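Quick one, what's the 3D model for this:
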Amino acid sequence: MSIIRTPDERFTNLPDFPYEPHYVELNRIRVHYIEKGEGDVILCLHGEPSWSYLYRKMIPKLSVNHRVMAMDFIGFGRSDKYTKEEEYSFRMHCDTLIAFIRKMDLNNITLIVQDWGGLIGLSVVGELQERFARLVIMNTGLPTGEEKIPFSFHIWRFFAKITPVFPIGRMIYFDSARHNKTSKEIIAAYDAPFPDSSYKAGARAWPLLVPLRPGDPGTVETKRGRDVLSRWNKPALVMFSDGDPVTRGQEIIFRDLIPTAKDQPEIVIKNAGHFLQESHGEELAENIVNFIDRTPIKSSKKQKSRSKK
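So this is what the prediction gives:
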């Protein structure tokens, strides 16, 4: 097992990202997260091939009355990275998130997920449902290997598997540039965790870990997650964009699956692609604050931030 760490200098002077890094060691792996504010926890989980930088436009609004945390999965952002694709697995990512939640003793969590953040995050809800108070589900899925997978995903999966060059920043740019202006500095910020190809094993592995057939690794976790969601009695907001060819239609599945999702308005983010946090972060944050305000919970204990930065 070979583990590498992106040099700190790669993360200096990133646009609109003034957050101090925080680290926790989980199973001898250093996992990075950012945090801001005080109060009940809002936990933001990124997807492929991004990192916590994706939530930078949302954090200022969300952190006014809450403790906002955004974790980098292993292989992404400032978290440690395995150099071999086979070191990454669906279960490893679930175990990492579970260990993070337990190590940080997080409760009454409002969970915000997108893309792989949803596959892992909602699977973990199936195992730690008592820790979560609300769900915000955006541009993601929870495949069990029994669904029809969009052809656009098969193309993406094939590309991730065979391309000799995996231009992470430019991939995010091509999606979001249609919906907002994305500068070279922002592209560089998404590239920052990956100085060369040896750092990209996790990003290459994730598309190959999506369960495509019954019995594939991960289906035990996603089926458990779906079962828990089908009986979910706490608030849930489903909020997808209108321009994501990979996850289009999944919002209907989640609204039908989760009983309490029907209690919330059907919000569609207009003129947005897959990375809706990049193009419409402020709008998403406003919708989430309104969702939290109309679904108050009684906190068992107030959770204070370790850093007010």
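
When you work out contacts or count neighbours from here on, use the C-alpha atoms and nothing else.
OK.

now the strands for this structure?
3-4, 22-26, 29-36, 41-45, 67-71, 81-82, 109-114, 132-138, 236-241, 267-269 (DSSP state E).

and the longest one with strand 67-71, angle?
Going back to what we said before, that points to strand 29-36. Between strand 29-36 and strand 67-71, the angle comes out at 150 degrees (axes from the mean of the first three to the mean of the last three C-alpha atoms, to 10 degrees).

contacts for strand 29-36?
By C-alpha atoms under 8 Å, 6 or more residues apart in numbering, the list of residues contacting strand 29-36 from outside reads 19-25, 52, 59, 63, 67-74, 77-80, 305, 307-309.

show me where pLDDT drops low in the stretch 151-300 of the chain?
174, 176-182, 299-300 (pLDDT under 70).

ok, for residue 229, nearest residue in space, not its chain neighbours?
Leaving aside its sequence neighbours, residue 229 sits nearest to residue 258 (C-alpha to C-alpha, 6 or more residues apart in numbering; 5.4 Å).

Report the contact partners of that neighbour.
When contacts are counted by C-alpha under 8 Å, 6+ apart, residue 258 is found next to 229, 230, 231, 232, 236.

ok so, going back, nearest to residue 160 among the strands of the chain would be which one?
Closest to residue 160 of the strands of the chain, according to C-alpha to C-alpha: strand 81-82, at 16.9 Å.

tell me what that closest one is packed against?
strand 3-4, helix 201-208 (3 or more C-alpha pairs under 8 Å, 6 or more residues apart in numbering; DSSP states H and E).

what comes into contact with it?
The contact list for strand 81-82 (C-alpha under 8 Å, 6+ apart) reads 1, 2, 3, 4, 5, 74, 75, 88, 199, 201, 202.

Report the mean per-residue pLDDT for it.
Mean pLDDT, strand 81-82: 98.

strand partners of it, parallel vs antiparallel please.
Sheet pairing of strand 81-82 (DSSP bridges) gives strand 3-4 (antiparallel).

now the strand it pairs with: mean pLDDT?
97.

mind checking how far that strand is from the chain centre?
22 Å (C-alpha atoms, centre = their mean, to the nearest Å).

buried subset of the contacts of strand 29-36?
The neighbour count (16 or more other C-alpha atoms under 10 Å) marks 19, 22, 24, 52, 59, 63, 67-74, 77-80, 305 as buried among the contacts of strand 29-36.

circling back: distance of the residue nearest to residue 229 from residue 288?
As defined by C-alpha to C-alpha, to the nearest Å, residue 258 lies at a distance of 18 Å from residue 288.

Check what contacts the longest helix along the chain and list those residues.
The longest helix of the chain (DSSP state H) is helix 276-293. With contacts defined as C-alpha under 8 Å, 6+ apart, helix 276-293 is touched by 54-59, 61-62, 136, 176, 179-180, 237, 241, 269, 272-273.

could you dump that helix to CSV, C-alpha only?
What follows is helix 276-293 as a C-alpha-only set of coordinates in CSV (Å, rounded to 0.1, in the frame of the first residue of the first chain):
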residue,chain,number,x,y,z
LEU,A,276,-24.4,22.8,-9.6
GLN,A,277,-22.5,24.0,-6.5
GLU,A,278,-19.9,25.6,-8.8
SER,A,279,-22.4,27.5,-10.9
HIS,A,280,-25.3,28.1,-8.5
GLY,A,281,-23.7,27.8,-5.0
GLU,A,282,-25.3,30.9,-3.5
GLU,A,283,-28.8,29.9,-4.8
LEU,A,284,-28.4,26.4,-3.3
ALA,A,285,-27.3,27.8,0.0
GLU,A,286,-30.3,30.1,0.1
ASN,A,287,-32.7,27.2,-0.6
ILE,A,288,-31.0,25.1,2.1
VAL,A,289,-31.2,27.8,4.8
ASN,A,290,-34.9,28.2,4.0
PHE,A,291,-35.3,24.4,4.3
ILE,A,292,-33.5,24.3,7.7
ASP,A,293,-35.6,27.2,9.0
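
Report how many residues lie close to residue 245.
The number of residues packed around residue 245, counting by other C-alpha atoms under 10 Å, is 15.

Could you pull up the contacting residues of it?
Applying C-alpha under 8 Å, 6+ apart to residue 245 gives the contacts 150, 152, 274.

are any of the residues you listed buried, and which?
Of the contacts of residue 245, these count as buried by 16+ other C-alpha under 10 Å: residue 274.

Quick one: the contacts of residue 245 as CSV, columns for distance to residue 11 too.
Formatted as CSV, the contacts of residue 245 follow (distance: C-alpha to C-alpha, whole Å):
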residue, distance to residue 11
150, 35
152, 32
274, 24
